[in-house]
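S.K.: need coordinates for the following:
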Amino acid sequence: MSEGTMQRRAQREEREQRAKRRNRVLVCAAAVPVMLVAAGCSSDSGSGDSTDKAGKAAASASASPSPTVEAAAYGKLPEPCKVVSKKTLEDLVPKDKSGKEGKSDDISTRAGCSWNSLDNNGVKGSQFRWLNVSLLRFESDVTRGPADKLAQEYYEKQVQDAQAAEGAKGVESEPVPGTGDQATAVHYDLKKKEGTFKQQTVVARVENVVVTVDYNGAGLAGDKTPSADELLKDAKKAAAEAVAAVSEANGAGGGKAGGAPSKSPSKSPSKSPSKSPSKPASEGASDEPSKGASTSPSKKSA
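M.R.: I've put the predicted structure just below:
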């Protein structure tokens, strides 16, 4: 074989090798878009699944029920100056049968009435009596809790305040059974320049309403000091009538002294109330209708 023939064969083989390499490059280049398309389809499918899951989660969340709280049992208060019977008023404050209604921004949540009586016997002295009834009703609140629980917390605070009254001497407390769902009586002496005042405070809760009765008496200008036991007995009677009036105003209790029993369990009144005060349910019921302190006869007498 001649040298020229061998050279031509070598050139032809080299051309064939270059052609094979070009074909391989074209095949790979054609395969790349197919792979990208496949990858793109896979990515779209995953995104769709995530979107569906997110949509289902949002729908489930929107379908969840909103927080709720049990509605208050009692929706109104009675007329405060009529919660104590005329007969009882004749015994407790014989010189004042009409009473003076306290100011309130909302009488459906807060109300009160007070009476004062000065029986002046001239040189023989005089007998002073003061009676005050405060009513506070709570509404249920999603953030704070059910109305009866809020009322119970306020009831405990009222008892604490009575036990810590400024200037009180010989403070004693006792449960008052049969008056509302729970009731406590706090009694003590208050010595003033006019005489010694025998203070009686009865705090009672019936459902979502707290009733506070303050009653005190004193013998002035040399008259004898009234019996603390008799005053306490009278204060308990007034509290029982006030509690019954609350229940009756809401179509419950039928006028019974004890009022309607609560469906929710309550703490025993014989136990010492919690020392941590709590806020009332609403602004309209943020303060008690009266401060519950005894009133000086110099300010109350006509």
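S.K.: surely V246 meets L77?
M.R.: Yes - when contacts are counted by Cβ atoms under 8 Å, V246 is listed as touching L77 (6.7 Å). The way it works is simple: take the backbone N, C-alpha and C, and place the C-beta from them, glycine included.
S.K.: common neighbours of these two, please.
M.R.: Common neighbours of V246 and L77 (criterion: Cβ atoms under 8 Å, 6 or more residues apart in numbering): L135, V209.
S.K.: between these two, who's got more neighbours?
M.R.: V246 (27 against 24; other Cβ atoms under 10 Å).
S.K.: where does the chain have low pLDDT?
M.R.: Residue ranges of the chain with pLDDT under 70: 1-66, 253-302.
S.K.: again, only this time at 90
M.R.: 1-69, 97-98, 120-125, 192-195, 221-222, 252-302 (pLDDT under 90).
S.K.: can you give me the helices for it?
M.R.: 3-63, 86-92, 147-163, 228-249, 297-300 (DSSP state H).
S.K.: output the contacting helices and strands for the second one.
M.R.: Here helix 86-92 touches strand 110-120, strand 126-137, helix 228-249, going by 3 or more Cβ pairs under 8 Å, 6 or more residues apart in numbering; DSSP states H and E.
S.K.: would a markdown table of the ones you listed with distance to E153 be doable?
M.R.: As requested, the helices and strands packed on helix 86-92 are exported to a markdown table (distance: least, Cβ to Cβ, whole Å):
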| stretch | distance to E153 |
| --- | --- |
| strand 110-120 | 16 |
| strand 126-137 | 12 |
| helix 228-249 | 18 |
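S.K.: return the most buried member of the ones you listed.
M.R.: Here the criterion is mean neighbour count by mean count of other Cβ atoms under 10 Å, and of those the winner is strand 126-137, at a mean of 26.
S.K.: mind giving me the packing neighbours of it?
M.R.: When contacts are defined as 3+ Cβ pairs under 8 Å, 6+ apart, strand 126-137 sits against helix 86-92, strand 110-120, helix 147-163, strand 209-220, helix 228-249, helix 297-300.
S.K.: go through the ones you listed and name the closest to Q200.
M.R.: Among the helices and strands packed on strand 126-137, helix 228-249 comes nearest to Q200, with 3.9 Å by Cβ to Cβ.
S.K.: returning to that earlier point: nearest to E101 among the helices and strands packed on strand 126-137 would be which one?
M.R.: Among the helices and strands packed on strand 126-137, if distance is taken as Cβ to Cβ, the winner is strand 110-120, at 5.1 Å.
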